[in-house]
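Colleague: Next one to model:
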Amino acid sequence: SPSIHQSELLVFISNMFGVLSSLIVTRPNVNSVQDMPPPGGYPDVATARGARNRGPSGAVIWLGILGLTFGGLYILGNTAKRNRLNIKERREARMAIAPYLQAEMDAERAVEFNASLAREAKIMANNPDWVVGQSVYSNNKL
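Modeller: Alright, predicted model coming up:
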């Protein structure tokens with residue numbers, strides 16, 4: 001009886017091998033020909049026809065950028081120097097005429113103060129205790 005089982009097993013394995021071998025796809029045995037270039041090679045590709053002058057080189061661009069930068073900084077420095085000199089000149093002119101302006105303001109203030117005292121005397125004429133020009137805060141009543 002063990003030999004029957006072995007024979008059945010061999011039949012089963014051979015049947016399975018037949019099923020599996022039918023699932024494997026094989027290519028037909030055909031000699032392939034590789035695609036080769038024509039004799040003498042392919043002609044050259046014309047790449048030079050589209051190549052034209054495309055502007056300045058990188059070095060020229062960098063020199064231009066550096067030139068513009070330093071030129072702008074030079075102009076900026078000269079403008080700042082000129083502005084400082086103008087400010088200094090205006091300040092010195094103002095300091096030169098400051099005493100005259102102060103004297104004029106003092107004279108105007110003296111005229112206004114005397115006019116204020118005259119108005120105060122006229123308004124307080126009915127009060128005999130009133131002293132014209134004396135501060136109301138510096139008395140000994142408190």
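Colleague: which residues of this structure score low on pLDDT?
Modeller: For the chain, the stretches with pLDDT under 70 are 1-7, 16-30, 48-51, 138-142.
Colleague: so what does the host helix or strand of R84 touch, helix or strand wise?
Modeller: In the assignment (DSSP states H and E), R84 maps to helix 58-123. Using 3 or more CB pairs under 8 Å, 6 or more residues apart in numbering; DSSP states H and E as the contact test, no helix or strand touches helix 58-123. (C-beta placed from N, C-alpha, C; glycine too.)
Colleague: any idea how far it is from the chain center?
Modeller: Distance of helix 58-123 from the chain centroid (CA atoms, centre = their mean, to the nearest Å) equals 33 Å.
Colleague: Equivalent analysis for stretch 55-75, please.
Modeller: Distance, centroid of stretch 55-75 to centroid of chain: 21 Å (CA atoms, centre = their mean).
Colleague: Just the CA atoms of that stretch, as PDB, please.
Modeller: Presented in PDB, the C-alpha positions along stretch 55-75 are these (Å, rounded to 0.1, in the frame of the first residue of the first chain):
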ATOM      1  CA  GLY A  55      24.900  89.400 -24.500                       C
ATOM      2  CA  PRO A  56      27.800  90.400 -22.300                       C
ATOM      3  CA  SER A  57      29.800  87.800 -20.400                       C
ATOM      4  CA  GLY A  58      29.500  87.300 -16.700                       C
ATOM      5  CA  ALA A  59      32.700  89.200 -16.000                       C
ATOM      6  CA  VAL A  60      31.400  92.300 -17.800                       C
ATOM      7  CA  ILE A  61      28.100  92.100 -15.900                       C
ATOM      8  CA  TRP A  62      30.000  91.900 -12.600                       C
ATOM      9  CA  LEU A  63      32.300  94.800 -13.500                       C
ATOM     10  CA  GLY A  64      29.200  96.800 -14.400                       C
ATOM     11  CA  ILE A  65      27.500  96.000 -11.100                       C
ATOM     12  CA  LEU A  66      30.600  96.900  -9.100                       C
ATOM     13  CA  GLY A  67      31.100 100.100 -11.100                       C
ATOM     14  CA  LEU A  68      27.500 101.200 -10.600                       C
ATOM     15  CA  THR A  69      27.700 100.300  -6.900                       C
ATOM     16  CA  PHE A  70      30.900 102.200  -6.200                       C
ATOM     17  CA  GLY A  71      29.900 105.100  -8.400                       C
ATOM     18  CA  GLY A  72      26.600 105.400  -6.500                       C
ATOM     19  CA  LEU A  73      28.300 105.300  -3.200                       C
ATOM     20  CA  TYR A  74      30.700 108.000  -4.300                       C
ATOM     21  CA  ILE A  75      27.800 110.200  -5.400                       C
END
